[in-house]
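Sharing a model that was predicted from the sequence below.
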Amino acid sequence: MSEHAYQIEVKSDFLEKITRASPTQALAEFVWNALDADATEVVVHVEFNPLGAMSAIEIADNGTGMPFSEAPELFTSLGGSWKRPGAVTKKQGRQLHGQDGRGRFKAFALGRVAEWDVTYDAGKELFSYKVTMFANSMREVRIADETPAPAGSRPGVVVRISELHKNYQALTAESDVQELTELLALYLTDYKDIRVQIAGAPLDPGKFIASRSSVSLADIIDESKNYEARLEIIEWRSATQRALYLCTEKGFPLLEVERRFHVGSFQFSAYLRSPYVTKMQSEGALELAEMNPAVVPAIDEAQQRIKSYFLERAAKEARSVVDTWKDENIYPYEGEARTNVEQVERKVFDIVAVNVAHYLPDFAAQQPKNKAWHLRSLRLAIEKSPEELQLILGEVLNLPKRRQEELAELLRDVSLSSIIGAAKVVADRLRLIEGLGTILFDDGTKQRLKERSQLHRIIAENCWLFGEEFNLSVDDRSLTEVLRKHRKLLGDDVAIDEPVKHISKDRGVIDLMLSRAMRRHRANGLTHLIVELKAPKVKVDKDAVTQIEEYAISVMKDERFKSITTTWNFWVISDDYGDYAAHRMKKDSGGQIHEDGNSSIYVKTWAQVIDENRARLQFFQEKLEYQADKGASLKHLQEHYAKYLEGVIEDEATENEAAAVTAKAK
């Protein structure tokens, strides 16, 4: 039997890009391919070696297969597929999912070798052939000659992926069955004759779906053309990622939207269906959907509808409890709500009150008089400070069971006040970073920000910006004070009876000296960071570089500073630097312009410092699900550093108001 090799006409880096996917997403692509071939049965089988490790994954279907004559074109073409938008499957007329031939490359997200055993009906008899691809040569497809199919064969395709990248035990877990069900839910509920099975477990949306709802959205408008949009919400019985998918009008999920949903303990998937999504897919613009001005309003509306839907769901669940309170005459409101505002207020109260009652085990057993007092107090608290109360109760009392267990475990070792305090430190630092970025880079504020009396004072109170290991040793002092502090840290018996001699002037004043002590077997392992701050409107160029070099030379020439166990780093920082500073920087050195023994000199920008801090805090930011916006960050600066920012942020607000008035007048 001979074999023929065909080249895929596309760049390798593009192929590598389209192979990226999670294990479940990769499996979903092969299920879709099977369904596009009119399969009514798709079985995902996992093979294990004698040691119990996963050795291969097979996806078998009973579809129509592919005629041998069409295989070279189908496997070597990306784009231009027969699966055009709006097309249907050849035999059963079902809506197609794929359309540009990318799905098969998802095999290499799982393993290094992919083989397709294809059987198709040639009219009078069945024929079989094999297609093989390798991860290290994805541009090449090997197609073996066809032969008559063995007796008892049926049309279809068996895809076998071997030499797996790792042991994908998670593919047999219930969570992956759930995720695959979410991706296929709309399709499987529309076509009830289809059976999909993974690792012996059938995908049954009815088993997982608690409820299903649909609502129309405003049309998506692009180039004066309207595209219908509809939102479907499926509520699940088990935990999910709570995702919003952009789908074709037939309900094929093509892209998960990056949005967060705070809807209590409800578990759901939402599907925004529109022919405009199909259009974006056909034009290769789907990955940029969240930047598309025509799509963003639809996503925003969908997010708001989801929030409103689950607010109503929570209120509905609370009504039965509330009705009981009304019968007992302990409900703190009289009569019916007369306005929309009163209706919303009561919905919020009902949800919060029911949760409070649920988490207070003795509430139901209390006397009606006591319960009435609790409910009246709760109503008063909500009316007095609704934002804070709803935030606390929503995020604490509505915690899912798993989160409750995690919190309980954590509280065995750490106090709740410590947890809150740690979270506040991270949030405050994120706000400070964002606020600093605003006043340092905004054209208006950076012109007004003074170096020594404003910027210097804020930075001196936040030395963590340069690293958690540094402590402030000297703030705005002469070089002689730097030496005194150095001697104190070392503990050496060095007499400071003469000032440090600056090489070009009588007295040199440094802005900040930060010290890190490496206390091992001796007390003199130190790293000093000398920081010279420049106002953001001042570029670091020849004068500033010369200034920091003179500080360094003055220190290094003084015999009292010399110690082989002490490292000296000198930084000069501003928003930007000029041509002279750029010329002095060593390539790929992080701004280093000089290195000599145990001393180094750097030119740094605030953008570098802020980006480094964002990177350090990114993990905590993601876990806290916290985003510091400009308004909150400037408010944080005003509240904590008002004495240093007089005439900076306030003037900025005044200018904005004046600009708005001028624009309105025009």
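It's in.

Doesn't I610 belong to a helix?
Yes. I610: assigned to a helix according to DSSP: H, G, I helix; E, B strand; the rest coil.

got the contact list for it?
Applying Cβ atoms under 8 Å, 6 or more residues apart in numbering to I610 gives the contacts 433, 436-437, 440. (C-beta placed from N, C-alpha, C; glycine too.)

Which ones among those lie within helices?
Among those, the ones falling in helices (DSSP state H) are 433, 436-437, 440.

Now stretch 568-579: average pLDDT?
For stretch 568-579, the mean per-residue pLDDT is 88.

re the thing from before, which of the ones in helices among the contacts of I610 sits closest to Y577?
For the ones in helices among the contacts of I610, the minimum distance to Y577 (Cβ to Cβ) is 14.2 Å, reached by L440.

I'd guessed the closest one sits against S574; true?
No. Between L440 and S574 there is no contact under Cβ atoms under 8 Å: 9.0 Å.

who touches both of the two?
536, 606.

Give me the more crowded residue out of those two.
Remark: of L440 and S574, S574 carries more neighbours, 26 against 21, as counted by other Cβ atoms under 10 Å.

Please name the bridge partners of that one.
Beta-bridge partners recorded for S574 (DSSP bridges): T605.

got the contact list for it?
The contact partners of S574, by Cβ under 8 Å, 6+ apart, come to 533-536, 538-540, 544, 605-606.

Repeat the analysis, applying 7 Å as the threshold.
534, 536, 538-540, 605 (Cβ atoms under 7 Å, 6 or more residues apart in numbering).

about what we covered before: reformat the contacts of I610 as JSON lines; add pLDDT and distance to E328.
Shown next, in JSON lines, are the contacts of I610 (pLDDT from 0 to 100; distance: Cβ to Cβ, whole Å):
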{"residue": "I433", "pLDDT": "85", "distance to E328": "52"}
{"residue": "L436", "pLDDT": "86", "distance to E328": "55"}
{"residue": "G437", "pLDDT": "83", "distance to E328": "55"}
{"residue": "L440", "pLDDT": "84", "distance to E328": "60"}
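
Kindly indicate which of the ones in helices among the contacts of I610 lies nearest G284.
Closest approach between the ones in helices among the contacts of I610 and G284, by Cβ to Cβ: G437, at 34.4 Å.

Just the pLDDT at the residue nearest to the closest one when sequence neighbours are not counted, thanks.
Sequence neighbours aside, I610 is the residue nearest to G437 in space, at 5.4 Å (criterion: Cβ to Cβ, 6 or more residues apart in numbering). On the pLDDT scale, I610 is placed at 85.

now K207
pLDDT recorded at K207 is 79.

For the helix or strand where it lies, give me every contacting residue.
If you go by DSSP states H and E, K207 is part of helix 205-208. Residues from elsewhere that reach helix 205-208, judged by Cβ under 7 Å, 6+ apart: 178, 181, 185, 188-189, 236-238.

returning to what we had before: just the buried ones among the contacts of S574, please.
When the contacts of S574 are checked for burial by 16 or more other Cβ atoms under 10 Å, the buried set is 534, 536, 539-540, 605.

Tell me the one of the residues you listed nearest A39?
Distances from A39 to the buried ones among the contacts of S574, taken as Cβ to Cβ, are shortest for T605 (57.6 Å).

can you tell me how far the closest one sits from L430?
Distance of T605 to L430, computed by Cβ to Cβ, to the nearest Å: 20 Å.

Tell me which residues touch D362, please.
By Cβ under 7 Å, 6+ apart, D362 lies in contact with nothing.

Go ahead and report the secondary structure state at it.
From three-state DSSP, the assignment for D362 is coil.

Please report how far it lies from E317.
Distance, D362 to E317, using Cβ to Cβ: 22 Å.

ditto for K166
Here K166 is placed at a distance of 42 Å from E317 (Cβ to Cβ).

Between the two, which has more neighbouring residues?
Neighbours per residue (other Cβ under 10 Å) separate K166 from E317, with E317 holding more: 14 against 11.

Please, which helix or strand holds that one?
Counting by DSSP H and E, E317 is part of helix 296-327.

From the contact counts, what lies against that helix?
If contacts are counted by 3 or more Cβ pairs under 7 Å, 6 or more residues apart in numbering; DSSP states H and E, helix 296-327 sits against strand 209-222, strand 225-236, strand 268-273, helix 340-359.

what are the bridge partners for T566, then?
Under the criterion DSSP bridges, T566 forms beta bridges with L526.

give the contact list for it.
So T566 contacts 526, 528, 598 (Cβ under 7 Å, 6+ apart).

can I get those residues in CSV with distance to F349?
What follows is the contacts of T566, written out as CSV (distance: Cβ to Cβ, whole Å):
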residue, distance to F349
L526, 60
H528, 59
N598, 66
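
Nearest spatial neighbour of P23, chain-adjacent residues omitted?
Distances taken as Cβ to Cβ, 6+ apart put Y168 closest to P23, at 5.1 Å, once the chain neighbours are dropped.

what do you get for V159?
Nearest one to V159, counting by Cβ to Cβ, 6+ apart, is I59 at 4.6 Å.

Report the residue ranges of every domain in the protein.
The chain breaks down by automatic domain parsing into domains covering 3-198, 209-310, 333-407, 441-614.

out of those, nearest to A632?
Of all those, domain 333-407 sits nearest to A632, with 13.1 Å by Cβ to Cβ.

tell me what the helix or strand that I530 is a member of is packed against?
Using DSSP H and E, I530 falls within strand 526-533. The contact analysis (3+ Cβ pairs under 7 Å, 6+ apart) places strand 526-533 against helix 479-490, strand 509-517, helix 542-557, strand 566-574.

What's the first helix or strand after the last one?
The reference is to strand 566-574. Next helix or strand after strand 566-574 toward the C-terminus (DSSP H and E): helix 579-584.

Any idea how far that next one is from the middle of the chain?
Computed by Cα atoms, centre = their mean, to the nearest Å, the separation of helix 579-584 from the middle of its chain amounts to 37 Å.

Spatially nearest residue to A114 (excluding sequence neighbours)?
Closest residue to A114 apart from its sequence neighbours, by Cβ to Cβ, 6+ apart: A107 at 3.7 Å.

which stretch of helix or strand covers A26?
Using DSSP H and E, A26 sits in helix 23-36.

Need the CA coordinates for that helix. CSV is fine.
Coordinates of each C-alpha in helix 23-36 appear next as CSV, following Å, rounded to 0.1, in the frame of the first residue of the first chain:
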residue,chain,number,x,y,z
PRO,A,23,-8.3,19.5,26.4
THR,A,24,-12.1,19.9,26.5
GLN,A,25,-12.1,22.5,23.8
ALA,A,26,-10.0,20.3,21.5
LEU,A,27,-12.4,17.3,22.1
ALA,A,28,-15.4,19.6,21.3
GLU,A,29,-13.9,20.5,17.9
PHE,A,30,-13.8,16.8,16.9
VAL,A,31,-17.3,16.3,18.1
TRP,A,32,-18.4,19.2,16.0
ASN,A,33,-16.5,17.8,13.0
ALA,A,34,-18.4,14.5,13.5
LEU,A,35,-21.7,16.2,13.7
ASP,A,36,-20.9,18.2,10.6
